[in-house]
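A.B. asks: Provided below are the primary sequence and the corresponding predicted coordinates.
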Amino acid sequence: MAKDPYQYFRIEARELLESMGRGVLQLEQAATPELAANLLRFAHTLKGAARVVRQNGIADDAHAIEDALGPLRERGATLGPDRVDTVLKRLDSIAARVRALDLPSGESSAPASRPTPAPAAAPAAAEGPVPEELALRTVRADVAEMDALVDGVAETAVHLRGLRRIEPTAARLKRLTEKLAQRTGQDGDQASSLRAMAAEARALAASLEATLSSGLDRAERQTRQVRDTAERLRLFPVQTVAASLERAARDVAHGQGKQVSFATTGGDVRVDADVLAIVQGALVQMVRNAVAHGIESGEERRRAGKPAVGRVELEVVRRGGRVAFVCRDDGRGLDLAAVRRAAEQRGALAPGTPASPEALIALLFKGGLSTATTLTEHAGRGIGLDIVREAAERLGGEAHARSDGGGTELELVVPISRAALDVLLIDVGGMIAAIPFQAVRHTTRLRAGEVAPTATGDVMAYQGRPIPFMPLAAPLGRAAAGLATGSRMTVIVAAGDDLAALGVDRLLAVGNVVVRALPRLAPANPLIAGAALDDDGTPRLVLDPQGLVAAARQGSHRVAATEKRVPHLLVIDDSLTTRMLEQSILESAGYRVDTATSAEEGLEKARRGDYQLFLVDVEMPGMDGFTFVETTRADAALRTVPAILVTSRNDPGDRQRGLDVGASDYVVKGEFDQVRLLTTIRKLVA
């Protein structure tokens, strides 16, 4: 985290902001103490995480949200529109501060071992402030689905072990058949013996066949179930972005003095996270357009005999391997005459030129046209449906609009996933890996003398200019083969305008794979974008072109060092930011670190592990840190393991309570001192 100290804070803050934004809008409709309690916990977690990374402005905003929501703990209390606006403004302030924590352009702020999804299509160009972009947080799978996956794997393993028990029977059958073959020419007194042996062999063969067939059938069914469940775990429900869309509708309606209700149907349809990230900006724009251009003012709706509250609905429908997002409103419909006038004024259509309704709508998708008569925060810039078109083009989808005078319907159809990649399969020291084929510019056999050493690393000539060369075996930790360079073939890879030559042992084939993210706890490696499974279920690394080129330019030929035996610590905190910050600090200091997201999980790990120290948060759902320490002090196997409480609570009474239950130290997040913490830990583990 030295390069990016806010790496995990951004992930956690955006996730909490999404949950809080959705919850505040729900509070406006129907406030309950339970919902208020959840929002207060989210705000408190965000405040504590912000204190840890020294973002006092964010912490102050979160504290102000706590103050605003505090009275809602009482049943019957309500949150008026003004209070909702105040809380939403605080959330916007926090979101802006979180965005400001992004690294300068050109430096990746995402975990290097995972592909960084492309941002939503042109969010900055939307008409008015766009709600926070979807932060593609680490996927936290539904418990039921995770259980289904684990159960499926376990049951498959049981069936496969059952097949192993058949091996002795198969061996006996083989011996019997060999004996029968040896006695084939015998008759007389041997006939009855041969018939008995033949009958036994037939019975064994029939039993073996039936058992194998049944076992393999069960194993195949379980494997299919595991694959289906695993595929679902890779997808996000569209409901993930519903809160930002509802917020967009509310903001535009309030800004124009309109009343609008927004609803989403089909939110349980799941879409690849990368696709959802790109689509979100387009969906926000579709909702904005519906409210700003479609829904009439209250007076106009009354004159037309419509309800005063306009209706905007987003329907999500799965169509095979594609998903359709259909945004409908009950407004005035598209004013095609106004579209024509705007097109003629902009020179997009010659005056008097015949144009069908479809052609006029197509002009709106090209951008630059607006039917608004005045420029406002939400309309008049002519930037709208082109955002939808760009999202469709990026994903290989399509966008349409229809209007019958009684409302407008916008439809965006895109693939559910774009994780399938064409790749070049390579062999590096006996390991098969994949490089995205679109990044491959050239392949050639490497000959002696083609690679030249320089002060900054090896280079080779390509199209008349030197480019960095790197044998892939070393950074991937493989034994090299071939020439002195450790390679026999070269793959020229591009990342933008940058090129690099990669040395590999063999080129195998071109194939199509489904890229999967690496496990959350997998060590970060900028060379790796994800993994794919071959036909036998064996994982293969999918390499990241940008990471490969960057490593080649840096002359990175390091091999991972052998892990040393060091003290083993356990960090327990429900805040992702705090967990990862503490883990980063401790691992940088040379400690082995495990993490837990709750005191209950931490207690389970503590009882089956061998730890020299616990770092424990105080305020967590379920068991709190005080109770965790008290429980470990009463456990004969754990009572000697020192524990440090790390919390945002700085009341002297809380500090004294922590020491009374047996904590060795009490650290306040707002006063977090890395040097002091490491000094204390060093003394305690010694």
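C.D. replies: On my side now, so go ahead.

A.B. asks: Could I get the full set of helices for the stretch 501-650 of the chain?
C.D. replies: Here the stretch 501-650 of the chain has its helices, by DSSP state H, counting those that start in this stretch, at 545-554, 576-588, 599-608, 625-633.

A.B. asks: Which pLDDT value goes with Met460?
C.D. replies: According to the prediction, Met460 has pLDDT 89.

A.B. asks: ok so, going back, kindly reformat the helices of the stretch 501-650 of the chain as CSV containing mean neighbour count and distance to Gln239.
C.D. replies: Backbone N, C-alpha and C define where each C-beta goes, glycine included. Below are the helices of the stretch 501-650 of the chain laid out as CSV (neighbours: other Cβ atoms under 10 Å; distance: least, Cβ to Cβ, whole Å):
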stretch, mean neighbour count, distance to Gln239
helix 545-554, 21, 32
helix 576-588, 21, 21
helix 599-608, 18, 27
helix 625-633, 21, 33
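
A.B. asks: For those, could you give me a markdown table that also reports distance to Glu409 and mean pLDDT?
C.D. replies: Below are the helices of the stretch 501-650 of the chain laid out as a markdown table (distance: least, Cβ to Cβ, whole Å; pLDDT from 0 to 100):
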| stretch | distance to Glu409 | mean pLDDT |
| --- | --- | --- |
| helix 545-554 | 40 | 85 |
| helix 576-588 | 40 | 83 |
| helix 599-608 | 47 | 90 |
| helix 625-633 | 53 | 92 |
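
A.B. asks: For Glu313, which of the ones you listed is the nearest?
C.D. replies: Nearest to Glu313 among those is helix 576-588; the distance by Cβ to Cβ comes to 34.2 Å.

A.B. asks: Now tell me what touches that closest one from outside.
C.D. replies: With contact meaning Cβ atoms under 8 Å, 6 or more residues apart in numbering, helix 576-588 is reached by 1-2, 5, 7-9, 11-13, 15, 48-49, 52-53, 138, 569, 571, 573, 593, 595, 597, 615, 617, 646, 669, 674, 677-678, 681.

A.B. asks: which of those are buried?
C.D. replies: Buried members of those, scored by 16 or more other Cβ atoms under 10 Å, are 1, 7-9, 11-13, 15, 48-49, 52-53, 569, 571, 573, 593, 595, 597, 615, 617, 646, 669, 677-678, 681.

A.B. asks: ok now stretch 80-94, how far from the chain's centre?
C.D. replies: 28 Å (Cα atoms, centre = their mean, to the nearest Å).

A.B. asks: what comes up buried for it?
C.D. replies: Residues of stretch 80-94 classed as buried: Arg83, Val84, Val87, Leu88, Arg90, Leu91, Asp92, Ile94 (neighbour count, 16+ other Cβ under 10 Å).

A.B. asks: what's the closest of those residues to Val388?
C.D. replies: Once Cβ to Cβ is applied, the member of the buried residues of stretch 80-94 that ends up nearest Val388 is Asp92, at 24.1 Å.

A.B. asks: about what we covered before: identify those among the buried ones among the contacts of helix 576-588 that sit within strands.
C.D. replies: Leu569, Val571, Val593, Thr595, Leu615, Val646 (DSSP state E).

A.B. asks: residues touching Leu395, list them.
C.D. replies: By Cβ under 8 Å, 6+ apart, Leu395 lies in contact with Val275, Ile278, Val279, Val414, Pro415, Arg418.

A.B. asks: I'd guessed the fourth one sits against Val279; true?
C.D. replies: Yes: in terms of Cβ atoms under 8 Å, Val414 counts as a neighbour of Val279; the distance is 6.2 Å.

A.B. asks: so what secondary structure elements neighbour the biggest helix by length in the chain?
C.D. replies: Taking DSSP state H as the criterion, the chain has its longest helix at helix 191-233. Here helix 191-233 touches helix 143-164, helix 167-182, going by 3 or more Cβ pairs under 8 Å, 6 or more residues apart in numbering; DSSP states H and E.

A.B. asks: now with 10 Å?
C.D. replies: Counting contacts by 3 or more Cβ pairs under 10 Å, 6 or more residues apart in numbering; DSSP states H and E, helix 191-233 packs against helix 143-164, helix 167-182, strand 270-272.

A.B. asks: Pipe the ones in strands among the buried ones among the contacts of helix 576-588 into JSON lines and attach distance to Val317 and pLDDT per row.
C.D. replies: Converted to JSON lines, those look like this (distance: Cβ to Cβ, whole Å; pLDDT from 0 to 100):
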{"residue": "Leu569", "distance to Val317": "49", "pLDDT": "93"}
{"residue": "Val571", "distance to Val317": "44", "pLDDT": "94"}
{"residue": "Val593", "distance to Val317": "45", "pLDDT": "89"}
{"residue": "Thr595", "distance to Val317": "40", "pLDDT": "90"}
{"residue": "Leu615", "distance to Val317": "48", "pLDDT": "93"}
{"residue": "Val646", "distance to Val317": "47", "pLDDT": "88"}
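
A.B. asks: ok, now which ones touch Asp610?
C.D. replies: Going by Cβ atoms under 10 Å, 6 or more residues apart in numbering, Asp610 touches His568, Val641.

A.B. asks: check which helix or strand covers Ala343.
C.D. replies: Here Ala343 sits within helix 336-346, counting by DSSP states H and E.

A.B. asks: ok, now how distant is His400 from Ala532?
C.D. replies: In this view, His400 and Ala532 are 34 Å apart by Cβ to Cβ, to the nearest Å.

A.B. asks: can you check Thr211 too?
C.D. replies: As judged by Cβ to Cβ, Thr211 and Ala532 stand 34 Å apart.

A.B. asks: dump the residue contacts of the residue lying closest to Asp574 once chain neighbours are set aside.
C.D. replies: In this structure, Asp574 finds its nearest non-sequential neighbour in Met620, 4.6 Å apart by Cβ to Cβ, 6 or more residues apart in numbering. Shown in contact with Met620 (Cβ under 10 Å, 6+ apart): 41, 45, 572-575, 596-602, 627-628, 647.
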